[in-house]
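Visitor: Output the structure for:
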Amino acid sequence: ELAVNVGGSRHVLRSELLARLPDSLLATLLVRPGAARRPAYDDFDPDSGEFFFDRDPRAFDRILDAYHFGEVHMDRSACPMCFKQEMDFWGVGADCLDDCCRFRYSELQEELDEIVQMVETELRDSGTAGAAQRGRCERARVGVWQLMEKPDSSRLARSLALTSFAFIVVSSVVMCLGTIPELQPGPGADGAAGEEHPTIAAIETVCIGWFTVEFALRFFSAPDRVKFMSSPMNVVDLLAVLPYFVVLALTEMGGSVMGLASMQQGVQALRIMRVARVFKLARHSSGLQTLTYALKSSFKELGLLLLYLGVGVYLFSALGYTVEQSHPETLFSSIPHSFWWAIITMTTVGYGDIYPKTELGKINAAVSFLCGLAIALPIHPIINNFVKFYNKQRVLEMAAKHQLELLSVSEQLAGE
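Guide: Model (predicted):
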């Protein structure tokens, strides 16, 4: 027998029981000589032959289940990582965890791996590690990158982020104001859409200048320019400024070219692409970025939602078209034409431009409306994913910031 005292809780274990896990710490203590056991325990009473361990007694009670039943269940209130450390100390492998508890541990382990990966990315991108060994140009590049990408790195970086946010808002507002008829100079000489108001055009030019300089600084200071251009947010930044220069180039090509109607339509299409600037706001909002991640992780739920809506639209459109053909003034001219009515009805919008006039058609409309209420069923998992990603994003940001602060302090101490 082996007597152990774990955190004030005494246990007497039979050798036959400990032999079930021969590689565990308790089984090793039973067969080792007394002189070799000392590093494994905190104290030993030679009179009673009792070993003392300053460990968590509640976790030890759960770990004993591995000897009795061959599997371990952790308490719901226990931290999976702390419990895993207890299992490692007692020499009980993770394969003894039951499937339900192993899932909790694996999920948390994945989150911790993401934290480590993000911290490594932050250190690599910020260039803080080993900055003293870099050249002057490299240190300047790292400094510009931190100013443009790390708003929390300094007051100047925070001021630049606020300025960029202000330019995005002003540019979006000016684009909307430019569509007001009173602020438009009038049609051009060829009858096409005229130029923008001079004041609006001037503000637009200033905003584009800021966006261009900002994008150029971020591009040339990026640690990896290929990875930089493959980022969706950076593609949005490029699309926010590219239409302006394309329109400017087409305008300078001369009146003969700009007189073509197709060219005018292309210019207008490029001007419409300026709405991409509003997506630049996502760069300054972790909530919007988290929403994007949540939607990506909810692909199955969104697919189920679209499949349900698509089947319902096809079914109720076909039924509505069929039952409404008996009415001489029917508004359902074809099944594809009825798709609009089915979508508006199932989404509970109800514009009223198309509506049934027969009794069967009204019954079909009522059923489609009630079925449309079930569209909200897959929304709950999407909300749960958003909350999970938002909490994870907060943890990742705090961990990365804490690691950067520790690294900065250590480098300051090393410099002294």
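
Visitor: What are the buried residues along stretch 307-324?
Guide: Residues 308-309, 312-313, 316-317, 319-321, 323-324 are the ones in stretch 307-324 that count as buried (16 or more other CB atoms under 10 Å). Using the backbone N, CA and C atoms, a C-beta is placed for each residue, glycine as well.

Visitor: can you put these in JSON lines and add distance to Phe219 and secondary structure?
Guide: Below are the buried residues of stretch 307-324 laid out as JSON lines (distance: CB to CB, whole Å; DSSP: H, G, I helix; E, B strand; the rest coil):
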{"residue": "Tyr308", "distance to Phe219": "43", "secondary structure": "helix"}
{"residue": "Leu309", "distance to Phe219": "41", "secondary structure": "helix"}
{"residue": "Gly312", "distance to Phe219": "47", "secondary structure": "helix"}
{"residue": "Val313", "distance to Phe219": "44", "secondary structure": "helix"}
{"residue": "Phe316", "distance to Phe219": "51", "secondary structure": "helix"}
{"residue": "Ser317", "distance to Phe219": "49", "secondary structure": "helix"}
{"residue": "Leu319", "distance to Phe219": "55", "secondary structure": "helix"}
{"residue": "Gly320", "distance to Phe219": "53", "secondary structure": "helix"}
{"residue": "Tyr321", "distance to Phe219": "54", "secondary structure": "helix"}
{"residue": "Val323", "distance to Phe219": "60", "secondary structure": "helix"}
{"residue": "Glu324", "distance to Phe219": "58", "secondary structure": "helix"}
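
Visitor: count of neighbours near Leu64?
Guide: Leu64 has 18 neighbours, counted by other CB atoms under 10 Å.

Visitor: hang on, it packs against His11?
Guide: Yes - the criterion here is CB atoms under 8 Å, and Leu64 meets it with His11 at 7.3 Å.

Visitor: Under a three-state scheme, what state does Thr348 occupy?
Guide: coil (DSSP: H, G, I helix; E, B strand; the rest coil).

Visitor: got the phi/psi numbers for it?
Guide: When read as degrees, to the nearest 10, the backbone of Thr348 gives phi 60, psi 30.

Visitor: how far away is it from Glu301?
Guide: 20 Å (CB to CB, to the nearest Å).

Visitor: Comparing those two, which residue is more hemmed in?
Guide: Each of Thr348 and Glu301 has its neighbours counted (other CB under 10 Å); Glu301 has more, 18 against 11.

Visitor: mean confidence score for the one helix or strand that one maps to?
Guide: Assigned by DSSP states H and E, Glu301 falls within helix 299-324. If you average the pLDDT over helix 299-324, you get 90.
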